[in-house]
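A.B. asks: Sharing a model that was predicted from the sequence below.
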Amino acid sequence: MKRVLYPGSFDPIHRGHIDIAARVAENFGTCVIAVGQNADKKTLFSQEKRVEMAQQAVSYYQKHLAKDGAPNIEVVGYDGLTIDAAVANGCSAIIRGARSLWDVNEEKRLKWINKKLLAIRFNTEMEQIIFKASPDYDYLSSTDVKKLCEAGEYILAMSYVLPPTHNELMKIFLEKDYHQALGGFWWQAFIKPFEGRSYHNLSHIAYMINRLAIYKRQGGKIENEQNLQQAIFYHDYSENEEESASAIPYTNKELRSLVRATKHLDGQEKTLSGDEQIIHDLDLSILFDKDNYSDYANCVKDEYADTCSEEEYRQKRREVLDILSQTVDYKIFPPVVKEWAIRNMGREKENL
Ligand code: ADP
């Protein structure tokens with residue numbers, strides 16, 4: 001069993017990185033993800049934050065995605081040379097991932113430098129492996145994740161990173177949407193209540209903001225867009241819709257009723273106005289998402305896991321899925337999505 005160092009910037013860590021780390025752990029024993037500090041490379045996240053984000057992503061992977069038991073993956077930060085980090089962390093090999101021929105050439109260059117440095121410093125050699133990216137992930141790059149977020153394509157960014165990473169990205173990128181919707185209110189204070197939540201968090205708001213933008217781009221009618229955006233930001237601010245509606249810092253009756261329109265499980269037939277219907281549908285749009293549904297189900301579970309036992313969770317979640325499957329109905333999306341939502345929920349119920 002070997003300890004293998006997997007060095008990089010991980011700014012931020014994405015699904016391709018995690019895939020390599022998991023395969024390394026499976027094949028060799030332990031993968032040590034080493035988050036580097038490179039003075040030449042300007043990073044979006046501090047090294048401390050990148051280490052924390054890598055740890056969160058690894059935990060999510062081990063809990064929800066690893067197939068045969070949790071692979072041994074550790075995360076460390078390091079300054080200076082990769083070979084020094086390898087020695088300091090007791091590793092006998094260094095691994096790098098390569099997506100393309102260009103990557104392979106670059107990795108060969110680094111490999112050669114490491115080989116020479118190891119010989120000069122320690123008079124030794126170390127196995128250096130280049131792992132080919134799996135075809136599912138070889139189009140992913142941290143740079144593209146950041147570009148997509150910058151462009152407001154938050155839903156597509158979800159395919160690149162694991163949910164805890166996406167939520168961290170939203171702390172940075174969603175701020176501009178927040179100011180556009182709410183003006184100068186203080187973002188850092190606003191995001192406090194969302195901390196520690198796995199589903200009702202900034203990623204969920206970003207998902208709805210992105211879907212609203214798509215709806216608008218496709219010619220969908222909106223009565224008061226700014227009200228709608230504000231309601232999206234506030235609809236999960238507190239524990240329930242009533243409290244969230246009351247938390248809005250200024251009196252705006254329409255805004256409050258938009259927040260109340262996101263109450264889905266009261267079994268009430270509702271007559272919703274145009275914008276109320278939009279926010280209602282946006283809030284439930286994750287249910288028909290084929291790519292992101294399974295992460296949604298994992299995050300819902302994580303959010304409620306601490307409040308009840310596994311068995312209680314399963315029972316409650318089944319009840320919720322039954323109600324939603326019977327009542328789910330969208331007015332602003334094509335009729336076919338209702339079928340997709342029911343299928344997704346059915347699958348979740350089977351796997352509970
Ligand atoms: P760098 O170390 O050049 O800053 P990153 O932090 O982005 O690069 O990536 C760390 C390591 O992961 C590198 O070996 C890189 O080639 C590899 N890698 C990057 N993206 C992928 C991917 N999509 N699939 C597999 N490996 C990847």
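C.D. replies: In hand now; what should we look at?

A.B. asks: for the residue nearest to residue 119 when sequence neighbours are not counted, helix, strand, or coil?
C.D. replies: Take residue 119 and drop its neighbours on the chain: the residue closest to it by Cβ to Cβ, 6 or more residues apart in numbering is residue 125, 7.1 Å away. Quick note: C-beta positions are derived from backbone N, CA and C, even for glycine. When classified by DSSP: H, G, I helix; E, B strand; the rest coil, residue 125 comes out as coil.

A.B. asks: ok, now the one 5 residues further on?
C.D. replies: Classification of residue 130 into helix, strand or coil gives strand, according to three-state DSSP.

A.B. asks: For the residue nearest to residue 119, give me the pLDDT.
C.D. replies: Per-residue pLDDT puts residue 125 at 86.

A.B. asks: same deal with residue 268?
C.D. replies: Taken from the predicted model, the pLDDT recorded for residue 268 is 58.

A.B. asks: what's the neighbour count on the closest residue to the ligand within the stretch 251-352 of the chain?
C.D. replies: Nearest to the ligand, among the residues of the stretch 251-352 of the chain, is residue 291, at 16.9 Å (Cβ to the nearest ligand atom). Counted with other Cβ atoms under 10 Å, residues neighbouring residue 291 total 10.

A.B. asks: do residue 288 as well
C.D. replies: Residues within reach of residue 288, counting by other Cβ under 10 Å, total 21.

A.B. asks: ok, and the closest non-adjacent residue to residue 340?
C.D. replies: Leaving aside its chain neighbours, residue 340 sits nearest to residue 288 (4.1 Å; criterion: Cβ to Cβ, 6+ apart).

A.B. asks: rewinding a little: show me what contacts the residue nearest to residue 119?
C.D. replies: Counting by Cβ atoms under 8 Å, 6 or more residues apart in numbering, residue 125 makes contact with 115, 118, 119.

A.B. asks: Name the nearest of those residues relative to the ligand.
C.D. replies: Of all the contacts of residue 125, the ligand sits closest to residue 115, with 16.2 Å by Cβ to the nearest ligand atom.

A.B. asks: How about the contacts made by the closest one?
C.D. replies: Contact analysis of residue 115 by Cβ under 8 Å, 6+ apart lists 125, 126, 128.

A.B. asks: How much space separates the last one from residue 4?
C.D. replies: What that stands for is residue 128. 10 Å (Cβ to Cβ, to the nearest Å).

A.B. asks: Now for those two: what residues contact both?
C.D. replies: 93, 94, 95.

A.B. asks: Tally up the residues packed near the nearest residue to the first one once chain neighbours are set aside, please.
C.D. replies: Taking Cβ to Cβ, 6+ apart, and ignoring the residues beside it in sequence, residue 93 has residue 127 as its nearest neighbour in space, at 4.0 Å. With neighbours defined by other Cβ under 10 Å, the count for residue 127 comes to 12.

A.B. asks: cool, residue 263 as well?
C.D. replies: Neighbourhood size, residue 263 [other Cβ under 10 Å]: 17.

A.B. asks: Can you read off the backbone torsions of it?
C.D. replies: phi -90, psi 120 (degrees, to the nearest 10).

A.B. asks: farthest residue from the center of this structure?
C.D. replies: Here the chain reaches farthest from its C-alpha mean at residue 123, the gap being 43.2 Å by Cα atoms, centre = their mean.

A.B. asks: From residue 81, how far off is that one?
C.D. replies: Residue 123 sits at a distance of 16 Å from residue 81 (criterion: Cβ to Cβ).

A.B. asks: who's in contact with the residue most central in space within the chain?
C.D. replies: For the chain, the residue nearest the mean C-alpha position is residue 163 (2.3 Å; Cα atoms, centre = their mean). The neighbours of residue 163, taking Cβ under 8 Å, 6+ apart as the test, are 60, 198, 203, 295, 298, 299.

A.B. asks: again, only this time at 10 Å
C.D. replies: 56-57, 60, 64, 198-199, 201, 203, 292, 295-296, 298-299, 302 (Cβ atoms under 10 Å, 6 or more residues apart in numbering).

A.B. asks: residues of the longest helix along the chain that come out buried?
C.D. replies: In the chain, taking DSSP state H as the definition, the longest helix is helix 101-122. Within helix 101-122, the residues that qualify as buried are 103, 107, 111, 114, 118, counting by 16 or more other Cβ atoms under 10 Å.

A.B. asks: Surely the second one and residue 130 touch.
C.D. replies: Yes - taking contacts as Cβ atoms under 10 Å, residue 107 lies within contact range of residue 130: 4.9 Å.

A.B. asks: Quickly list what's touching both of those two.
C.D. replies: By Cβ under 10 Å, 6+ apart, residue 107 and residue 130 have these common neighbours: 95, 96, 97, 98.

A.B. asks: which among those gets closest to residue 307?
C.D. replies: residue 97 (38.4 Å; Cβ to Cβ).

A.B. asks: Work out for me the element the closest one sits within.
C.D. replies: For residue 97, the host element (DSSP states H and E) is strand 93-98.

A.B. asks: That strand vs the ligand: in contact?
C.D. replies: Yes - legend: contact between strand 93-98 and the ligand by Cβ under 6 Å from any ligand atom is shown at 96, 97, 98.

A.B. asks: Just checking: what are the partner strands of that strand?
C.D. replies: Strand 93-98 pairs in its sheet with strand 2-8 (parallel), strand 127-132 (parallel), by DSSP bridges.
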